[in-house]
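Enquirer: Output the structure for:
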Amino acid sequence: MPRPSLTFAAGLGLLAGSVGCSHMTETRVITAFHQSLEKHDLAALRGQVSTDFENRAVRGADTFDALDLIDFPEGKIKVVKSVDTEKDDRKRPIEKKVTVQVGDEKKEVIVLLKRVGDTKRWVVDDEFLRREDIEKNKTLSARLEVLVAVNRTINAWRTADRNDIGTVATPEFSQALVSLNPEHFLQLSEKLTTGIAPQARVLPNEKIGEETAVVHVPRSDGELVLRYRRVDSRWQLDDISLETRKGTGEIASVRDMTSALGTAVGFLQCYREQNKARLAELCESQFFRGSLKDSDLSQVPLPEGPASMQDFEVDLKDNTAAILVRKGDEAIKINLDRMAEKTLHDKPTYLVNEVTIYELKSNQDKRLSALYNSRSALESFATALAKQDLPGLLNHSTHDFKDRVWQATTDQHFAWMPLEDFQNAKPKVLQTLFKGPLTEILVEHGSTPVTYQLRDEEGQIRVDDVMLPAADYPQSLKATLEAVIPVANFALALESGDIKRVRTAVAEDFTRSVWRYLDEVPQFDPAPESYLKNSLSAISVRGNGAVVVLGNGRRGAQVTLRRENGRYKVEDMTLVAGALPDERIALKRTIRTQLAEGRYTTTGEVEMLAGGEREDLGGFEE
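Expert: Below you'll find the model as predicted:
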């Protein structure tokens, strides 16, 4: 077999050499890059990377410290695939995407290479440590840039030095941290860094965007979540969250927690000093003006702020915070609202809207607003009730009390209301009980024990009901008056002779069977309204209805009520003219009978009575 010519052999050698040299170049460049990182050789690193990579990620020795936070592959480089991704005008490759395997585990990474100008020199432009990082554009340079900030953050918090932390935090976060006193700041630093390994690591689930980044640092009991914001081309810490596997001791936001805690501690201090000018700045205006502004704050002492982070709990919601401070057999909860931010990234501002005192032994909840306002609200209501001052009653009653009673009341109704006990003497307070949002105050009106029930509505303490000792009608004054008002309405309507007013005062069935046939109020004999003016004897509530008894067994009335559209209406009435059965007159049945007999001037619809309905009415004749 003839031997190949020397010229042909040399050509084959040159061809093989060109392929090998191409891979050798890529292998050499990537190997030099990885070795500079492994050996922490800053000068060599700068010689192996592009200007963009250096400007973004090379921060002196901090770059190598940041690299220790992640699993960076080490070992021999083997090129698996090389693709030219961009060429110049002369069709020469200027950018490459190279897939390589690193080390004995053959971890696959993607390296981007870039030609330096018109030279034949290649440098690393960036690297993706995982294939899924390509889709998220999470390059090594972007990660290193953030990880440098992470390393500085952890080191600063370990020193517990405000100045050190101020160099890595945004101005807004630094301002929020100022709210903590030195002892609380030290305790917070210990709480955040406890459980982080001496050589900290980060989980591979970083979220890195153009302006924000989120990094998870594992702890022995959970994770520390660091949130960064780019400020003047630098990543700065903007907030921290603490997540634990057991769910205890978690912090949803250090930024919000410190702001809320600072307000709460300042509130307790200013409250003890009775510094009302400062309290006005720390509280919502409604709470301050309604509860604190004109009150003697020494009447209800509050404890000092918590000495240790072990002495308080913080519960953060979307726009609220609750801080529970424990002191011996007592605990106080300070509720705060988060104010809307005036500018983007502004420090969160929390204002106090209520304080609740928990007496752990007696199991009572005493709200500060109720303590300061309940007695004055009671006295104002009692005075209005004694004077039959309807505007005053409307002003000092809850929405429910107003809706069910006072908004349906006129000055004429007071004649039917059993209010004698409230007009004899001013209330004398005997005992106060706090049941969360409900405050009960036991008083004496003369010799009558009465319990006022008060509730907080829109920051104001108002009377919701008054409980009286009663055997024959509801103990609730609200329920009693609610049943009395329709009786008065019916009596006043009959007395006025206004047929439309009568139809409004009675139930639909009473109108349908009687009052729609009448075009005026007849001159009944006896007159029902005279029986309705007897004093109240009894009220019994029966499901959706009630029975009101006026007078006694010889003269009076028994009025049946039915609730329609949320209010009682008169369904029927029995007149009591004597003790005998035949001296009791059922009003509805009697009027129907007399209509059938044609005794009254009626509307045109009465002609219907000539047929089947007249026969139907005739069955009620006595």
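Enquirer: In the strand or helix carrying Ile441, which of the residues would be classed as buried?
Expert: Using DSSP states H and E, Ile441 maps to strand 438-445. For strand 438-445, a neighbour-count test (16 or more other Cβ atoms under 10 Å) marks Leu438, Thr439, Glu440, Ile441, Leu442, Val443, His445 as buried. C-betas here are computed from N, CA, C, even on glycine.
Enquirer: Stretch 39-49 now?
Expert: For stretch 39-49, using 16+ other Cβ under 10 Å, the buried residues are Leu45, Gln48, Val49.
Enquirer: could these go into a markdown table alongside secondary structure?
Expert: A markdown table is the format used below for the buried residues of stretch 39-49 (DSSP: H, G, I helix; E, B strand; the rest coil):
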| residue | secondary structure |
| --- | --- |
| Leu45 | helix |
| Gln48 | helix |
| Val49 | strand |
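Enquirer: from the residues you listed, which is closest to Asn544?
Expert: Set against Asn544, the nearest of those by Cβ to Cβ is Val49 (83.4 Å).
Enquirer: residues touching the residue nearest to that closest one when sequence neighbours are not counted, list them.
Expert: Distances taken as Cβ to Cβ, 6 or more residues apart in numbering put Val124 closest to Val49, at 5.2 Å, once the chain neighbours are dropped. By Cβ atoms under 8 Å, 6 or more residues apart in numbering, the contact list for Val124 reads Val29, Ile30, Phe33, Gln48, Val49, Ser50, Phe53, Val111, Leu112, Leu113, Lys114.
Enquirer: Touching, Glu127 and Arg143? I think so.
Expert: No - Glu127 is beyond contact range of Arg143, at 9.5 Å (criterion: Cβ atoms under 8 Å).
Enquirer: What is the neighbour count of Glu330?
Expert: Here the count is done by other Cβ atoms under 10 Å, and Glu330 has 15 residues near it.
Enquirer: On the pLDDT front, check the closest residue in space to it that isn't next to it in sequence for me.
Expert: Counting by Cβ to Cβ, 6+ apart, Glu330 lies nearest to Glu359, which is 6.1 Å off, once chain neighbours are set aside. We have a pLDDT of 81 for Glu359.
Enquirer: Who does Glu359 form a beta bridge with?
Expert: Under the criterion DSSP bridges, Glu359 forms beta bridges with Glu330, Gln364.
Enquirer: who touches it in this structure?
Expert: Applying Cβ under 8 Å, 6+ apart, the residues contacting Glu359 are Asp329, Glu330, Lys366.
Enquirer: Give me the contacts around stretch 385-399.
Expert: Stretch 385-399 is touched from outside by 377, 380-381, 383-384, 402, 405-407, 409-411, 414, 419, 422-423, 455, 457, 462-464, with contacts defined as Cβ under 8 Å, 6+ apart.
Enquirer: My error: substitute stretch 89-109 in the last question.
Expert: By Cβ under 8 Å, 6+ apart, stretch 89-109 touches 26-27, 30, 34, 73-88, 110-115, 122, 125, 127-131.
Enquirer: Can you list the buried residues in that stretch?
Expert: Residues 93-102, 107-109 are the ones in stretch 89-109 that count as buried (16+ other Cβ under 10 Å).
Enquirer: model confidence over it, on average?
Expert: Rounded mean pLDDT across stretch 89-109 is 94.
Enquirer: if we can go back for a sec, beyond the strand holding Ile441, next helix or strand please.
Expert: Taking DSSP H and E, what comes next after strand 438-445 is strand 448-457.
Enquirer: for that next one, which positions count as buried?
Expert: Those would be Val450, Thr451, Tyr452, Gln453, Leu454, Arg455, Asp456, for strand 448-457 by 16+ other Cβ under 10 Å.
Enquirer: The third one against Glu440, yeah?
Expert: Yes - using Cβ under 8 Å as the test, Tyr452 is close enough to Glu440 to be in contact (7.2 Å).
Enquirer: Point out where this structure drops to low pLDDT.
Expert: Judged by pLDDT under 70, the chain has its weakly predicted residues at 1-22, 459, 601-622.
Enquirer: Tell me how it divides into domains.
Expert: Annotated domains of the chain cover 19-135, 143-251, 256-362, 370-402+411-469, 480-618 [automatic domain parsing].
Enquirer: Name the residues that touch stretch 310-324?
Expert: 251-253, 256-257, 260-261, 264, 306, 325-327, 331-338, 350.
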